[in-house]
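[1] Give the three-dimensional model of this entry:
(one chain, ligands or ions: 1)
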Amino acid sequence: MPARARLVASFLVVPLLALVPAATTTHPSASRTAVEETAAVTPGVRVLAVSIDGLNPTALTRLGRTALPHFWRLLDEGATTLNARTQYELTKTLPNHTSMVTGRRIARRAGGHGVRWNYERGAATVQKAAGEPVHSVFSVVRRAGGSSALFSTKGKFRLFKRSWPAGVDRIFVREQDDLAVTKAAAADLVARRRAFTFVHLGLADQAGHAHGFMSPAYLRAVDRADALLGRLLRAIGRKVGGVVVLTADHGGLGPSHFQVAQLGDYRIPFVVWGPGVQHGDLYAMNPTYANPRRTRPRPVGRQPVRNGDLPNLVTDLLGLGPVPGSQFNVRQRLRVLAD
Ligand SMILES: [Zn+2]
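    Residues are numbered from 1 along each chain as shown. This next block holds a predicted model:
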């Protein structure tokens, strides 16, 4: 039973499944799907993606359940790994978030999105960076008749509104103000019936740069992020009843997170939680993926769970086909739903 059908069943909604052509390759950097998307967003399904900028998963185990009740609720109830991977090429915020919405790797010559910079560049678009049309989870949801919103604590995320102006129905940016961003997102989750909401919280990354990643100040920021996550969970639980996907753009250890070959920088959490989602280890549920242990696999061959799996997990949960041109989770084989 495909994921979307199982999710629909879990919502007790009559399945209205359009047939979506599957991509034909497992090679994550070889695909160029030209999918003609005809499906509509599955009624009653919502997905909230939460990216905690610079979240080293060791912080979650170090602080534990008492300090982080909301993170641990997801870990204890959801489909979970604390051993997912960033993009191979760079452990920086904007390049990784661009992968998290396009499903592409970074390297342009390998079919990636080409966004290597990490600051707000006024006129830039992902399409200009890639040198070709680039689709995203936002544009796929839009084409299927759904609505998306993006909430971020960093101005450089405006790149996504410029790149998919119709796809990102609402963008809310408040620099370094995680509380304002969380409040706006929570209010929007309650008031609006969007298919997809992306929330980016930057406070842990900010504390990491100022005081060191995994420092006491950084851990205090992760603790504050837990309270903000709690607000989002209350908002989605009260009115929406959707699925939550929580991950990160990169980790961080010591003064920064820019060393692509350092475990503390390339290891991130990836957690899926919500109605119909089974509890357990994501790698145990997904034998087509390979737990990388402490290594940093190249983006070819059998893959670890990556932040770049996110967009095609979201489209799958919403009953839609993969993002055209995407390279990760192209066949939407990352399974999270209970049978
Ligand atoms: Zn950073």
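[2] Now do the strands in the stretch 1-150 of the chain.
    When assigned using DSSP state E, counting those that start in this stretch, the strands of the stretch 1-150 of the chain occupy the ranges 47-52, 79-85, 148-152.
[3] A210: which of these is closest?
    Set against A210 and scored by CB to CB, the strands of the stretch 1-150 of the chain come closest in strand 47-52, at 16.5 Å. The way it works is simple: take the backbone N, C-alpha and C, and place the C-beta from them, glycine included.
[4] about what we covered before: can you redo the strands of the stretch 1-150 of the chain as CSV with mean pLDDT?
    Formatted as CSV, the strands of the stretch 1-150 of the chain follow (pLDDT from 0 to 100):
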stretch, mean pLDDT
strand 47-52, 98
strand 79-85, 98
strand 148-152, 98
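[5] and these as TSV, adding mean neighbour count and distance to T98?
    Putting those into TSV (neighbours: other CB atoms under 10 Å; distance: least, CB to CB, whole Å) gives the following:
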stretch	mean neighbour count	distance to T98
strand 47-52	26	12
strand 79-85	24	16
strand 148-152	25	13
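[6] Which of these sits closest to M285?
    Comparison of those against M285 by CB to CB identifies strand 79-85 as nearest, at 6.1 Å.
[7] Identify the residues contacting the closest one?
    Counting by CB atoms under 8 Å, 6 or more residues apart in numbering, the neighbours of strand 79-85 from elsewhere in the structure are 57, 60-61, 74-75, 247, 266-273, 277-283, 285, 291-293, 296-297, 304-307, 336.
[8] right, so of the strands of the stretch 1-150 of the chain, which gets closest to T93?
    Once CB to CB is applied to the strands of the stretch 1-150 of the chain, the stretch that comes out nearest is strand 47-52, at 9.1 Å.
[9] Next, the angle from the closest one to strand 148-152.
    Using axes from the mean of the first three to the mean of the last three CA atoms, to 10 degrees, the interaxial angle of strand 47-52 with respect to strand 148-152 works out to 20 degrees.
[10] For strand 47-52, which helices and strands make contact with it?
    Contacts defined by 3 or more CB pairs under 8 Å, 6 or more residues apart in numbering; DSSP states H and E place strand 47-52 against helix 93-102, strand 196-201, helix 216-235, strand 243-247, helix 310-317.
[11] Can I get the buried ones among the contacts of strand 79-85 as something I can paste into ChimeraX?
    To isolate the buried ones among the contacts of strand 79-85 in ChimeraX, judged by 16 or more other CB atoms under 10 Å, type:
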select :57,60,74,75,247,266,267,268,269,270,271,272,273,277,282,283,285,292,296,297,304,305,306,307,336
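[12] Just the ones of the contacts of strand 79-85 in helices?
    Secondary structure from DSSP state H places 57, 60-61, 74-75, 266, 282-283, 285 of those in helices.
[13] Which one of those is nearest to A107?
    A107 lies nearest to Y266 out of the ones in helices among the contacts of strand 79-85, by CB to CB, at 15.6 Å.
[14] which residues sit in contact with the closest one?
    For Y266, the residues meeting the contact criterion (CB under 8 Å, 6+ apart) are 85-86, 91, 250-251, 260, 296.
[15] mind running it again at 6 Å?
    Residues near Y266 by CB atoms under 6 Å, 6 or more residues apart in numbering: 85-86, 91, 296.
[16] Point out where the stretch 1-150 of the chain drops to low pLDDT.
    Low-confidence segments of the stretch 1-150 of the chain, defined by pLDDT under 70: 1-38.
[17] Now do the helices in it.
    Secondary structure of the stretch 1-150 of the chain, counting by DSSP state H, counting those that start in this stretch: helices at 3-10, 57-67, 69-77, 93-102, 126-130, 137-143.
[18] sorry, back to before: could the helices and strands packed on strand 47-52 go into a markdown table alongside distance to T81?
    Formatted as a markdown table, the entries for the helices and strands packed on strand 47-52 read as follows, by distance: least, CB to CB, whole Å:
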| stretch | distance to T81 |
| --- | --- |
| helix 93-102 | 16 |
| strand 196-201 | 20 |
| helix 216-235 | 18 |
| strand 243-247 | 10 |
| helix 310-317 | 13 |
